[in-house]
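Student: I need the structure of the sequence given here:
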Amino acid sequence: MNWEHALRDYQHYLRLERGLSDNSITNYSLDVRKLMRFLNVNNISISPEKIDHQTLQQFVYEASKSLNARSQSRLISGLKSFFNYLLFEDYRVDNPMELMESPKIGRKLPDTLSLSEIDKIIEAIDLSAPEGERNRAIIETLYGCGLRVSELINLKLSDLFFKEGFIKVTGKGEKDRFVPISNYTQKFINIYKDQIRNHLEIKPEATDTLFLNRRGNQLTRAMIFTLVRKFTELAGIHKKVSPHTFRHSFATHLLENGADLRAIQQMLGHESITTTEVYVHVDRSHLRKVMEDFHPRK
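Tutor: From the prediction side, this is the model:
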């Protein structure tokens, strides 16, 4: 088996057996491709079935010179997954990555924005511009529903259940969930639809897509990142803000205001409560107040 063949089979496995999204499959594939480039550059001719721990250790050592601890850990994890697949399919009798340890990394707490900072970002949007109302609706939806970028750009008109107070969101692994949407956020989406979207010449493939560019087509992930950076700078906020920051802020503000962690988990679409628990560490003063308010021996 050559490397390209092994990688194609692995990609099919990730898609069909594990149900991963295209983005996740791309990331896992990049780890293997980095290894393939290393072997090619160093004229090392060895198949996936025969590559040994020593060669892989050499690759990880070379790669780690330009990677931080978190990226090193991600690379090692990705390669372990690839060789576990080869082991599972009986292409190998061992996983040569098994004994390779990842660097210790601290748990990175998500960056968040205060409500006043979010208001400043929204106030920086020029509503007189052709896409002004769309841009405000985008930021309000990112924060108001805690969406990932991919979830936002793939949101459809048929996913909006405003009378019931929910939207249907397609998350990682093509898994659907229903997320509550406030009347406040609904208002800005409706303004955008009435004033902007309904007057566009919409491409046939985007007739059901909610957020569109001026050419009537679906927005890209890169466009959302660009918009967020632009309005953050205009607002004079010097934090590193991305679309995901609004999702983190959504979860943190809910927790600070007394929301149940399990409910936040469901709204964010986290498979494991462990992922959601990171928000418990964001504001320990909130936890202290909860104890003081509710503990019988306060």
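
Student: residues near residue 247, how many?
Tutor: Residues contacting residue 247 under the criterion other C-beta atoms under 10 Å number 22. No exception for glycine: its C-beta is placed from N, CA and C like everyone else's.

Student: Which helix or strand lies directly C-terminal to the one helix or strand it maps to?
Tutor: Residue 247 belongs to helix 243-256 when assigned by DSSP states H and E. As assigned by DSSP H and E, the chain's next helix or strand after helix 243-256 is helix 261-268.

Student: then the helix holding residue 247 to CSV, C-alphas only?
Tutor: Extracted in CSV, the C-alpha atoms of helix 243-256 (Å, rounded to 0.1, in the frame of the first residue of the first chain):
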residue,chain,number,x,y,z
PRO,A,243,-16.2,34.9,15.1
HIS,A,244,-15.7,32.1,17.7
THR,A,245,-15.2,34.8,20.4
PHE,A,246,-18.9,35.6,20.2
ARG,A,247,-19.7,31.9,20.7
HIS,A,248,-17.5,31.8,23.8
SER,A,249,-19.1,35.0,25.1
PHE,A,250,-22.6,33.6,24.6
ALA,A,251,-21.7,30.5,26.7
THR,A,252,-19.9,32.6,29.4
HIS,A,253,-22.7,35.1,29.8
LEU,A,254,-25.3,32.4,30.1
LEU,A,255,-23.3,30.7,32.8
GLU,A,256,-22.7,34.0,34.6
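
Student: What are the contacting residues of it?
Tutor: Residues outside helix 243-256 that contact it (C-beta atoms under 8 Å, 6 or more residues apart in numbering): 110-113, 115, 118, 139, 142-149, 152, 224-225, 228, 239, 261, 263-264, 267-268, 276, 279-280, 282-283, 286.

Student: Off-centre distance for the helix or strand hosting residue 25?
Tutor: Element membership of residue 25, judged by DSSP H and E, is helix 22-41. From the chain centre to the centre of helix 22-41 is a distance of 20 Å (C-alpha atoms, centre = their mean, to the nearest Å).

Student: Same question for that helix: list its buried residues.
Tutor: 25, 28, 29, 31, 32, 34, 35, 38 (16 or more other C-beta atoms under 10 Å).

Student: residues contacting the second one?
Tutor: Residues touching residue 28, when contacts are defined by C-beta under 8 Å, 6+ apart, comprise 10, 11, 14, 20, 78, 81, 82.

Student: How about the first one?
Tutor: Contact analysis of residue 25 by C-beta under 8 Å, 6+ apart lists 11, 14, 15.

Student: right, and the first one touches residue 29 too?
Tutor: Yes - counting by C-beta atoms under 8 Å, residue 29 is a contact partner of residue 11 at 6.1 Å.

Student: So residue 155 sits against residue 179, correct?
Tutor: No - if you go by C-beta under 8 Å, residue 155 and residue 179 don't touch, sitting 10.3 Å apart.

Student: Looking only at neighbour counts, state which of those two leads.
Tutor: residue 155 (23 against 20).

Student: re earlier: as TSV, the contacts of residue 28 with distance to residue 62, secondary structure and neighbour count would be great.
Tutor: Output for the contacts of residue 28, formatted as TSV (distance: C-beta to C-beta, whole Å; DSSP: H, G, I helix; E, B strand; the rest coil; neighbours: other C-beta atoms under 10 Å):
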residue	distance to residue 62	secondary structure	neighbour count
10	22	helix	22
11	25	helix	18
14	26	helix	21
20	28	coil	19
78	16	helix	18
81	20	helix	18
82	18	helix	22
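
Student: quick one: pLDDT of the nearest residue to residue 73 once chain neighbours are set aside?
Tutor: Sequence neighbours aside, residue 102 is the residue nearest to residue 73 in space, at 4.1 Å (criterion: C-beta to C-beta, 6 or more residues apart in numbering). For residue 102, the model assigns a pLDDT of 70.

Student: In contact with residue 102, which residues?
Tutor: 72, 73, 76, 77.

Student: Thanks again, I'm all set now.
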